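> Structure here, sequence nowhere to be found:
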């Protein structure tokens, strides 16, 4: 009986050891990445898909407790703000998002920005979520690297700058944002312009509400457009004075598909309205 109990205890210990070993492996699947010198440049803010996080300089930061939310098929703007330690270097940012959740940052999951070299400059890029992105929580890794064309690798160490990890929550379903074509029509004699929109595609939204803001602080009522108007041209704003800019945030039935659009404006020549 004692022998049986001893054998049972050993079996339990082996089982516990295997479980602990497996758990440790699950929590440490992603490769590590770190910079080796933080004195030159670092990221002070990362903004993406609901993430808007300010941070201090660090070789590596685990910010996986901070998450953003995306929907397959939608495109989101990534941006990071750069600070320098005394001399303005040329910097570039790259990021990976593990869309297939295989805990490997694949080359197809990589996005990169342009470069900048002034204090407080902002590096941006557009990230299109694949339609086959696996729903659930996954990881985003962001690297700031020195140089005009640095070689980005998701793992290992590299000199200068910084690495930050975040969590991205991929929701199920496909989100297709609306696709409108905006037109600015100038009235040079009246020194104003109109804005119209061709409602080419409502995407996955059944209605769209356009919230308008004028740079002269004149209030503008929001405009709600229903799906039945798809394919038609509608007036958005009329008689906007030259010199006043207009911006619009578009909200639909799926708030994750919201977009922000900026209207361009043209100003008539001061001496001769004919070219308008």
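Yep, it's here. All values derive from a computational prediction rather than experimental measurement.

> Residue 79 contacts residue 48, correct?
Yes - using C-beta atoms under 8 Å, residue 79 is in contact with residue 48, at 7.3 Å. C-beta coordinates here come from the backbone N, C-alpha and C atoms, glycine included.

> Name the residue in those two with the higher neighbour count.
More crowded of residue 79 and residue 48, by other C-beta atoms under 10 Å: residue 48, with 23 against 15.

> Quick one: end-to-end distance for stretch 179-194.
End-to-end span of stretch 179-194 (C-alpha to C-alpha, to the nearest Å): 20 Å.

> Pull the distance from it to the chain's centre.
In this view, stretch 179-194 has its centroid 30 Å away from the chain centroid, taken as C-alpha atoms, centre = their mean, to the nearest Å.

> again with stretch 233-251
The chain centroid and the centroid of stretch 233-251 are separated by 25 Å under C-alpha atoms, centre = their mean.

> Low-confidence ranges, the stretch 1-150 of the chain, go.
1-28 (pLDDT under 70).

> contacting residues for residue 129?
Residue 129 makes contact with 70-76, 99, 170, according to C-beta atoms under 8 Å, 6 or more residues apart in numbering.

> what about 7 Å?
70-74 (C-beta atoms under 7 Å, 6 or more residues apart in numbering).

> Show me which of these are buried.
70-74 (16 or more other C-beta atoms under 10 Å).

> now, among the residues you listed, which is nearest to residue 157?
residue 70 (29.1 Å; C-beta to C-beta).

> list the contacts for the closest one?
So residue 70 contacts 49, 76, 129, 168, 170 (C-beta under 7 Å, 6+ apart).

> Would you map the strands across the stretch 151-276 of the chain?
For the stretch 151-276 of the chain, the strands defined by DSSP state E, counting those that start in this stretch occupy 156-158, 162-170, 179-187, 192-201, 207-214, 223-226, 233-241, 246-252, 259-262.

> Quick one: the contacts of residue 70 as TSV, columns for distance to residue 118 too.
Shown next, in TSV, are those (distance: C-beta to C-beta, whole Å):
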residue	distance to residue 118
49	26
76	25
129	31
168	29
170	34
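
> out of those residues, which is most surrounded?
Neighbour max across the contacts of residue 70 (other C-beta under 10 Å) = residue 168, 25 neighbours.

> I'd say it and residue 142 touch.
No - here residue 168 does not reach residue 142: they are 11.2 Å apart, not a contact under C-beta atoms under 7 Å.

> List of residues touching stretch 32-40?
57-60, 84-85, 89, 141, 143, 146, 154-163.

> Filter those residues down to just the ones in helices.
With DSSP state H as the criterion, helices contain none of these.

> what's the most distant pair in the contacts of residue 129?
The widest separation within those (C-beta to C-beta) is 9.5 Å, between 70 and 73.

> now the stretch 151-276 of the chain, which segments are flagged as low pLDDT?
In the stretch 151-276 of the chain, residues with pLDDT under 70: 175, 253-276.

> out of the contacts of residue 70, what pair is the most spread apart?
With distances taken as C-beta to C-beta, the most widely separated pair in those is 76 and 170, at 11.7 Å.

> from the contacts of residue 129, which ones fall inside strands?
Judged by DSSP state E, the subset of those located in strands is residue 70.
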